[in-house]
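Trainee: Sharing a sequence plus its predicted fold:
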Amino acid sequence: MRLPAYRPLFIVAGLLTALTYLWHESTSPDLERRHHLQEILRIIELHDAELMRDILLARAGLLPNYDALSKTGHALETISQDLLSASQSSAEMADTPLAQSAQQLSQTLQAKLTEVEYFKSDNALLRNSMTYFTKVGQNLDVKAKLPAKVERLWQLMFSFLETPEADLAQAIQRELASLEQHKSLPPEYTSLIAHGRLIVDLLPRLDVSLRGIIQIPIADKLAALQAELLQYSMSIEKRAQTYRLMLYVVALCLVVYLLYQFVRLRLSNESLRRAHEQLQQESNERLHAEIALRASEERLRSMTDSAHEAIISVDSLAKVVSWNRGAEAMFGYSETTMLGQPLLLLIPEHDAYIHDSILTRKSTNTDAGAVQLQGQRQDGKGFPLELSLSSWSRGNDFFHDGNYSRH
């Protein structure tokens, strides 16, 4: 296989391969992944807002149960795992600041969910103690002769629930201690004291936990990750733009090369067309020449056949190439017998050298006159001849025309 004949095919195949690669790289393969990440961040932001809403409702006692909190927390945990998977789904993203920010956001979400679980436990204990404190306090037997102390405790507790200040907590603790020292204290008061101390202990801690949950920087982490995602998207888009420019250049090269090959093909076609026309013209000229030559040969054949003398043509080897009817009548040989035979068949052996010398001399002297010599018929009889010889050439071949007549 010759390489030059297939070179255009190889060049076109190479350009098409380059176009395919550049097109694949210029289509931003991470575009779908980036959209998925953006959707995950939007969902995280939405669930985080729902979580904070439910926490505040739970703290205010307006949430009947923790099903909504559990559902939102589970959704955040699941979407956090999706975030990690999406941010590390390709080798290009695994070691980028984007993946690091996603890792930090996921860890912050896990920390917040852990704090929410602690908050749920403490808040459940607090609500249980507050419910018990309220119901038991309302049903205490007034015969215990402690209404003044209970009323004082109730006032302090309600004030503490509204504003859990340290001095109110200390006052409640003193009232509970004083109540505990009373003699003949009913069992209900013992439970009331235990739940009161639990409320005093849990309420400030619960508020601290709530402030800690609120201060967890989910929004900051989301903003940082959004910024990293934007930066990463810009770098990917810039890379895709570079490949698009290269794609345009290669496509332009392919078009130019195809146009170049088309022009070459047109020129070659035009050259072949002119060559074909020239060959056709030459063929027609040769055909006309052959027709004219055949006509001339026919005329010459007619002339030689109508002559009474023997007209014989031989080549440079003295072999017969033409034989007319006069030669048939004079020597007795047919044309088919003599064509290609040596001319010496017509000359007796004792005069053969004379004939050869004549042929050799006539090759360079075409103006000599007639020569007399002996001839020999097919039956072996001899007879006198008068030979007129002429010579001519065609290309590299040399011929003699002999006119033999009886003497």
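Mentor: Ah, there it is. Numbering: from 1, shown residues only.
Trainee: so where is the stretch 201-350 of the chain shaky, pLDDT-wise?
Mentor: Along the stretch 201-350 of the chain, segments meeting pLDDT under 70 span 297, 300, 303-308, 349-350.
Trainee: again, only using 50
Mentor: Along the stretch 201-350 of the chain, the model assigns pLDDT under 50 to no residue.
Trainee: ok, now the stretch 51-200 of the chain?
Mentor: 142-144.
Trainee: can you pull out the helices in it?
Mentor: Applying DSSP state H, counting those that start in this stretch to the stretch 51-200 of the chain gives helices spanning 67-87, 91-94, 97-138, 147-162, 166-180, 187-215.
Trainee: can you list those helices in CSV and add distance to residue 246 and mean neighbour count?
Mentor: To be clear about C-beta, it is placed using only N, CA and C from the backbone, and glycine gets the same treatment. As requested, the helices of the stretch 51-200 of the chain are exported to CSV (distance: least, CB to CB, whole Å; neighbours: other CB atoms under 10 Å):
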stretch, distance to residue 246, mean neighbour count
helix 67-87, 29, 17
helix 91-94, 19, 14
helix 97-138, 25, 17
helix 147-162, 70, 15
helix 166-180, 71, 15
helix 187-215, 50, 17
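Trainee: So which of these is nearest residue 301?
Mentor: For the helices of the stretch 51-200 of the chain, proximity to residue 301 was assessed by CB to CB; helix 91-94 is nearest, at 93.2 Å.
Trainee: Whichever helix or strand residue 374 is part of pairs with which strands, and in what direction?
Mentor: Assigned by DSSP states H and E, residue 374 belongs to strand 371-376. When pairing is defined by DSSP bridges, strand 371-376 lines up against strand 382-394 (antiparallel).
Trainee: Could you tell me which residues make contact with residue 59?
Mentor: Counting by CB atoms under 8 Å, 6 or more residues apart in numbering, residue 59 touches 123, 206, 210.
Trainee: got a list of what the residue lying closest to the second one once chain neighbours are set aside touches?
Mentor: Ranked by CB to CB, 6 or more residues apart in numbering and with sequence neighbours excluded, the top spatial neighbour of residue 206 is residue 122, at 4.9 Å. When the contact criterion is CB under 8 Å, 6+ apart, the partners of residue 122 are 202, 205-206, 209.
Trainee: Just the closest of these to residue 12, please.
Mentor: The nearest member of those to residue 12, counting by CB to CB, is residue 209 at 71.1 Å.
Trainee: Verify the stated contact: that closest one with residue 116.
Mentor: No. Counting by CB atoms under 8 Å, no contact exists between residue 209 and residue 116, whose distance comes to 9.1 Å.
Trainee: shared neighbours, these two?
Mentor: Both residue 209 and residue 116 lack any common contact, where contact means CB under 8 Å, 6+ apart.
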